[in-house]
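A.B. asks: can you look at this prediction? I've put the sequence above it.
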Amino acid sequence: MVPYEIPGARRRDVELDDVRLSVYEAGDPADPTVVLSHGFPELAYSWRHQLPALAAAGFHVVAPDQRGYGGSSRPEAVRDYDIFHLTGDLVGLLDALDVDRAVFVGHDWGGFVVWQMPLLHRQRVAGVAALTTPYVPRFPMRPTELFRMMGGENHYIVWFQEPGVADAAFAANIDALFARMMRRGVPPEQLREAVGDRPASDFVEAVVNAPVLGDELLSPDELSVFVETFRQTGFTGGMNWYRNFDWNWEQTPQLDGARIDGIPCLMVTAEWDPVLTPAMAQGMPSVIGDLEMHEIAGAGHWVQQEKPAEVNAILVDWLRRRFGG
């Protein structure tokens with residue numbers, strides 16, 4: 001299953017300084033470049049609906065399996081997944097493709113990465129768009145301390161911190177996790193009524209034992225791409241992104257209170273996302289100078305897979321207005 005195929009896209013390996021990236025590409029390289037950054041636990045495959053649509057709209061579209069995922073390299077050291085490596089990979093990808101600047105689009109963890117691009121690599125960024133992931137300035141305290149305040153030791157990000165623990169739990173429950181996680185969104189009140197306040201010892205237990213909510217999101221063939229790919233790669237690479245939250249915070253005091261000005265930005269929220277709620281994006285206009293915001297009704301967390309037509313329409317309209325194509 002690794003590497004998998006994405007209809008309408010061509011795949012190639014791109015060698016960077018310390019990793020090899022499996023990259024999916026569509027459109028004419030002479031057109032404005034758009035880089036798509038996926039989240040956890042996902043793949044470039046999560047952008048299968050966007051790659052051909054954005055290419056047809058006149059853009060050169062690039063979606064890597066990012067380091068630790070899919071057909072790309074999986075370095076062993078936790079520090080090899082810090083924000084400098086993650087953003088550096090996207091810069092290295094532009095260098096390899098002979099592209100000066102690009103528009104970066106991210107979802108979930110990928111959204112966090114693309115919001116850091118104009119702060120760490122401003123000269124390579126034409127614009128930034130995020131699906132569900134808001135831009136939030138540097139936390140006022142160590143991130144894991146904040147997550148413990150929010151959910152105690154069972155907060156999933158806190159639980160992810162110990163190498164090997166969550167990795168093994170995910171690997172032992174791959175089929176159930178993907179079948180239950182990747183479902184269509186449901187209204188928040190329905191989720192609260194079904195789940196209640198029952199404590200769970202960890203994220204896997206919470207997902208596997210929770211009531212099944214929402215219609216199936218993926219076809220059997222689509223589901224198998226995620227299941228079989230992660231069966232081969234495991235989850236450690238992706239979880240190592242989370243294990244750098246504190247390190248990233250410690251290494252970037254210069255970003256305290258940082259604004260994003262001078263580049264076009266787009267924020268797309270999903271009405272029913274229980275993880276990254278629309279409310280979390282409400283403060284963004286005060287810290288981004290050129291910001292357009294949209295909300296997709298009746299959509300859950302996996303918005304670009306659940307509502308591809310709506311997502312594609314918003315992206316294409318914004319990209320054409322702001323960058324040509």
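C.D. replies: Sure thing, it's come through.

A.B. asks: bridging residues for residue 129?
C.D. replies: With DSSP bridges as the criterion, residue 129 is bridged to residue 105, residue 266.

A.B. asks: surely it and residue 104 touch.
C.D. replies: Yes. Between residue 129 and residue 104 there is a contact under C-beta atoms under 8 Å: 7.5 Å. Where you see a C-beta, it was placed from the backbone N, CA and C, and this is true even at glycine.

A.B. asks: common neighbours of these two, please.
C.D. replies: residue 114 (C-beta atoms under 8 Å, 6 or more residues apart in numbering).

A.B. asks: which one's more surrounded, the two?
C.D. replies: residue 104 (29 against 24; other C-beta atoms under 10 Å).

A.B. asks: just list the residues touching the more buried one, thanks.
C.D. replies: 34-35, 37, 90, 113-114, 117, 125, 127-129 are the contacts of residue 104 under C-beta under 8 Å, 6+ apart.

A.B. asks: what's the burial count for the closest residue to residue 107 other than its chain neighbours?
C.D. replies: Of all residues not flanking residue 107 in the chain, residue 131 sits nearest, at 4.2 Å (C-beta to C-beta, 6 or more residues apart in numbering). Residues near residue 131, counting by other C-beta under 10 Å, number 30.

A.B. asks: circling back to that earlier point, in a markdown table: the contacts of residue 104, plus secondary structure and pLDDT.
C.D. replies: As requested, the contacts of residue 104 are exported to a markdown table (DSSP: H, G, I helix; E, B strand; the rest coil; pLDDT from 0 to 100):
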| residue | secondary structure | pLDDT |
| --- | --- | --- |
| 34 | strand | 98 |
| 35 | strand | 98 |
| 37 | strand | 98 |
| 90 | helix | 98 |
| 113 | helix | 98 |
| 114 | helix | 98 |
| 117 | helix | 98 |
| 125 | strand | 98 |
| 127 | strand | 98 |
| 128 | strand | 98 |
| 129 | strand | 98 |
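
A.B. asks: coming back round to it: wait, doesn't the residue nearest to residue 107 sit right on residue 273?
C.D. replies: No. The criterion here is C-beta under 8 Å, and residue 131 misses it with residue 273 at 9.4 Å.

A.B. asks: mind listing the shared neighbours of those two?
C.D. replies: residue 303.

A.B. asks: in the stretch 1-150 of the chain, which spans are strands?
C.D. replies: For the stretch 1-150 of the chain, applying DSSP state E, counting those that start in this stretch gives strands covering 10-15, 20-26, 33-37, 60-65, 102-107, 125-131.

A.B. asks: residue 215 - how many residues pack around it?
C.D. replies: 10.

A.B. asks: my guess is it meets residue 184, correct?
C.D. replies: Yes. The criterion here is C-beta under 8 Å, and residue 215 meets it with residue 184 at 4.6 Å.

A.B. asks: circling back: possible to save the strands of the stretch 1-150 of the chain as TSV with distance to residue 298?
C.D. replies: Below are those laid out as TSV (distance: least, C-beta to C-beta, whole Å):
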stretch	distance to residue 298
strand 10-15	33
strand 20-26	28
strand 33-37	23
strand 60-65	25
strand 102-107	17
strand 125-131	15
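
A.B. asks: now the one helix or strand residue 177 maps to: buried residues?
C.D. replies: Per DSSP states H and E: residue 177 is located in helix 174-181. For helix 174-181, burial by neighbour count (16 or more other C-beta atoms under 10 Å) applies to 174, 177-180.

A.B. asks: return the distance of residue 240 relative to residue 68.
C.D. replies: 6 Å (C-beta to C-beta, to the nearest Å).

A.B. asks: can you pull the residues that touch both of those two?
C.D. replies: In contact with both residue 240 and residue 68: residue 81, using C-beta under 8 Å, 6+ apart.

A.B. asks: low pLDDT regions in the stretch 101-250 of the chain?
C.D. replies: 196-201 (pLDDT under 70).

A.B. asks: so what's the residue count around residue 310?
C.D. replies: 18.

A.B. asks: give me every residue that touches the residue lying closest to it once chain neighbours are set aside.
C.D. replies: Nearest residue to residue 310, sequence neighbours excluded (C-beta to C-beta, 6+ apart): residue 296, at 5.0 Å. Applying C-beta under 8 Å, 6+ apart to residue 296 gives the contacts 268-271, 303, 307, 310-311, 314.
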